[in-house]
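**Student:** kindly generate the corresponding structure for this input.
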Amino acid sequence: MNEPLKSRREREKQARYDAILDAAELVFSEKGYDRTSMDDIA
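**Tutor:** Here you go, the predicted structure:
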């Protein structure tokens, strides 16, 4: 079945969430979990 259409706000929220997770994954792989700060991800 098709998903219901999402509002622009919901799409932007999901895009920000995905971007943060992508950035975190990259930084964790480079520096490791213990040496990563929120500033590194942001």
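**Student:** could you look up the SS state of Leu21?
**Tutor:** Using DSSP: H, G, I helix; E, B strand; the rest coil, the structure places Leu21 in helix.
**Student:** try Tyr33
**Tutor:** coil.
**Student:** pLDDT wise, what is it at?
**Tutor:** On pLDDT, Tyr33 comes in at 94.
**Student:** poorly predicted segments of the chain, please.
**Tutor:** Across the chain, the ranges flagged by pLDDT under 70 are 1-3.
**Student:** mind jotting down where the helices sit in it?
**Tutor:** 8-31, 38-41 (DSSP state H).
**Student:** number of residues surrounding Ile41?
**Tutor:** 15 (other C-beta atoms under 10 Å). No exception for glycine: its C-beta is placed from N, CA and C like everyone else's.
**Student:** in contact with Ala42: list those residues for me.
**Tutor:** Contacts for Ala42 (C-beta atoms under 8 Å, 6 or more residues apart in numbering) come out as Ala23.
**Student:** all numbers from here: first residue = 593
**Tutor:** From this message on, residue numbering opens at 593, which makes the last subject Ala634.
**Student:** ok, it to Thr628 distance?
**Tutor:** 11 Å (C-beta to C-beta, to the nearest Å).
**Student:** give the buried residues for stretch 616-631.
**Tutor:** Within stretch 616-631, the residues scored as buried using 16 or more other C-beta atoms under 10 Å are Ala616, Val619, Thr628.
**Student:** how about those in JSON lines, adding distance to Ser599?
**Tutor:** Below are the buried residues of stretch 616-631 laid out as JSON lines (distance: C-beta to C-beta, whole Å):
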{"residue": "Ala616", "distance to Ser599": "26"}
{"residue": "Val619", "distance to Ser599": "30"}
{"residue": "Thr628", "distance to Ser599": "33"}
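**Student:** separation between Lys623 and Arg601?
**Tutor:** Lys623 is 33 Å from Arg601, where distance means C-beta to C-beta.
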